[in-house]
Each structure stands twice: as structure tokens, then as C-alpha cells.
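# Mind folding the following:
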Amino acid sequence: MRSTTCCWPLAVVASAAAVAAQPPLGTPPPPEALPRIEFVFEERVTLAPAVVLGETAFGQRQYIPITGGKIAGPKLRGEVIPGGWDFQLRLPNGCGTLTADYFLKAEDGTVIHILNEGYSCFGVAGAEKSYTRPRFEAPKGPHEWLTRGTFVATIELDSPPPKLEAIRIKVYQVK
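Modelled structure (predicted):
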């Protein structure tokens, strides 16, 4: 007669022991386990004047045409291709959402799509910069690491409002 008792493989037993040894839920991880960020590149994105669509049920809607720009950094160099858009929704509290959709051209000629989304509070409670989540779509080849990576970015004004002509976006990869 065959026994119904099963022997667990050593890897499963070791995994169960590791799970049992985990700290309580919500315990901060040790510093060496925290994600780190690495500076990838900076963009200086030039802008046309905002096109204000007006007040909607959700807030004040506007978009800003992207007219070009430069990219410089340790992992990517090139230019911002003219023709993208920064769609914005300003809320009554002075903050708002932004969704910028445009293309970059690397020094080697590779065209890379970027969709940069975030929540901005420029000028509210002294906020001097905003944080966004850029997502890239690069063709297979030397720049496809952008498609697979996770990134965060800061946006800073390059010139003071109301005559905003450019912004600076610093892009960091989460490692």
C-alpha cells in the first residue's frame, strides 16, 4: 500500500522558514533593501504658450504645445522632437494633473516615445518642483532598457511664469 504522506522538497521547506521569519506586516525594510535611484538624463523642454480651453466640470483644462528641446545625461543624449503636448487640468486648490505625450530622438537617431504623468502643485505652499512617472517605449535595440525600466522624474520651471518658455525634467531610474 502506498503512503499518502508527501515529502516537501528542501526548497519549499526553506521558503516556508523564510516566510515564517519575516517581520510583521508594515515593518520598514532595512536601508540596504530599499530601492535606489540613478540619474539617467535631463531634458530642457521648450514650450509654446498655453492654450486655455476653460473651466470644465473637473477644473480648468489647458494644453501646452511642446516645441522641442535638448537631452543630456550619462545614459541618454539627444533632442526633444517638436509636436508633443502637455495636457493639464488645474484644480480649485491650485494643484492639478499633467499628462505629457511626446517623442525624443537619441544621438544615434533612435526615436523614443515618452508618456509622462503626474500631479503638480507649482506655487502652492512653496512647491518649486513636481514629481512625475515617465514611461518610455523604445524600439528593440540599444535603448530598449528604457521600455523595461521604472522611472521617476522631477519637473522644474526654467523661466518664471507667466512667460513660461521651458521646463527642466530630470529623469531617474529606480533600481
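# From the centroid of the chain, which residue is nearest?
R133 (2.1 Å; C-alpha atoms, centre = their mean).
# With adjacent residues omitted, what lies nearest to it?
The shortest distance from R133 to any non-neighbouring residue, by C-beta to C-beta, 6 or more residues apart in numbering, is to E117 (5.5 Å). In short, each C-beta sits where N, CA and C put it, glycine included.
# do T150 as well
In space, T150 is closest to V174, 4.4 Å off (C-beta to C-beta, 6+ apart).
# got the contact list for the one you found?
Contacts for V174 (C-beta atoms under 8 Å, 6 or more residues apart in numbering) come out as P35, R36, I37, G149, T150, F151, V152.
# What subset of those is buried?
Buried subset of the contacts of V174 (neighbour count, 16 or more other C-beta atoms under 10 Å): G149, F151, V152.
# Identify the residues contacting the second one.
When you say that, I think you mean F151. Applying C-beta under 8 Å, 6+ apart, the residues contacting F151 are V40, R133, P134, R135, F136, V171, Y172, Q173, V174.
# Next one, pLDDT for it please.
F151 carries a pLDDT value of 98.
# Now the phi/psi pair for it, please.
phi -130, psi 150 (degrees, to the nearest 10).
# same deal with E32?
According to degrees, to the nearest 10, E32 has phi -70, psi -20.
# can you list the weak-confidence ranges in this protein?
The chain contains residues with pLDDT under 70 at 1-19, 125-128.
# hmm, 90 instead?
Where the chain drops to pLDDT under 90, the residues are 1-23, 92-94, 120-130, 157-164.
# which residues in it form helices?
Taking DSSP state H, the helices of the chain run over residues 10-20, 145-148.
# correct me, but R135 touches I114?
Yes. Judged on C-beta atoms under 8 Å, R135 makes contact with I114 at a distance of 7.2 Å.
# neighbour-wise, which of the two wins?
The neighbour comparison of R135 against I114 (other C-beta atoms under 10 Å) goes to I114, with 22 against 15.
# can you pull the contacts of the more buried one?
I114 touches A100, D101, Y102, F103, L104, P134, R135, F136, E137, counting by C-beta under 8 Å, 6+ apart.
# Repeat the analysis, applying 7 Å as the threshold.
Y102, L104, P134, F136 (C-beta atoms under 7 Å, 6 or more residues apart in numbering).
# what about it, distance to N93?
28 Å (C-beta to C-beta, to the nearest Å).
# For L104, which non-adjacent residue is closest in space?
I112 (4.6 Å).
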